[in-house]
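**Q** quick one, fold the following:
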Amino acid sequence: MKASYLGELMIQNRVKIRPAEIKDAEQIAILCAQLGYFATQQQIQQRLSQIQYNQAHVIYVATIENDYVTGWAHAHVCDMIVGPTQAILFGLVVEEGYRHGGIGRLLMHHIEQWAFLLSCQGVIIRSNFKRKEAHCFYEKIGYINIKQSLTFHKILT
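**A** Modelled structure (predicted):
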């Protein structure tokens with residue numbers, strides 16, 4: 001067996017996936033920063049409290065010993081007029097030192113199971129064009145790039 005595969009199995013055996021809780025806010029904020037999304041612990045706590053009981057959202061965390069959060073994934077069910085119901089992945093991050101160990105794959109498996117139980121036809125992932133490593137990961141776990149697009153934003157005042 002390849003050493004990387006054995007390492008992945010060792011990490012996966014230590015990882016637990018569970019719904020995110022308010023107590024996870026600090027580590028979630030730290031992980032957000034690793035992807036360039038900066039939010040304070042208080043902001044994450046507020047956002048978690050707003051959506052944690054909303055059945056159309058799910059936020060999972062991956063934990064190891066002492067309930068240490070090494071990654072998280074957030075998805076939302078989206079009913080669309082132009083197509084069947086889909087789950088949209090809003091975010092996935094695994095702490096740098098734990099990447100390539102199967103944690104992202106476990107988080108995505110849980111997202112997919114959740115989406116299936118809510119009668120979603122599939123999972124849509126939008127990923128910044130510069131995140132080449134993420135693109136390779138998604139393709140490796142069975143996702144196909146179906147289009148490229150631009151994202152527009154307007155601040156409402």
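**Q** rest of the way, CA atoms for contacts and neighbours
**A** Will do.
**Q** mind listing the strands for the chain?
**A** Secondary structure of the chain (DSSP state E): strands at 16-19, 57-64, 68-78, 86-94, 122-125.
**Q** export those to TSV and tack on distance to Tyr143, mean neighbour count and mean pLDDT?
**A** Below are these laid out as TSV (distance: least, CA to CA, whole Å; neighbours: other CA atoms under 10 Å; pLDDT from 0 to 100):
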stretch	distance to Tyr143	mean neighbour count	mean pLDDT
strand 16-19	21	16	96
strand 57-64	20	22	97
strand 68-78	16	22	97
strand 86-94	12	21	96
strand 122-125	9	18	95
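**Q** out of these, which is closest to Met108?
**A** strand 68-78 (7.4 Å; CA to CA).
**Q** outside of that closest one, which residues touch it?
**A** 20, 24, 27-28, 31, 56-64, 85-95, 98, 103-104, 107-108, 111, 115, 118, 120 (CA atoms under 8 Å, 6 or more residues apart in numbering).
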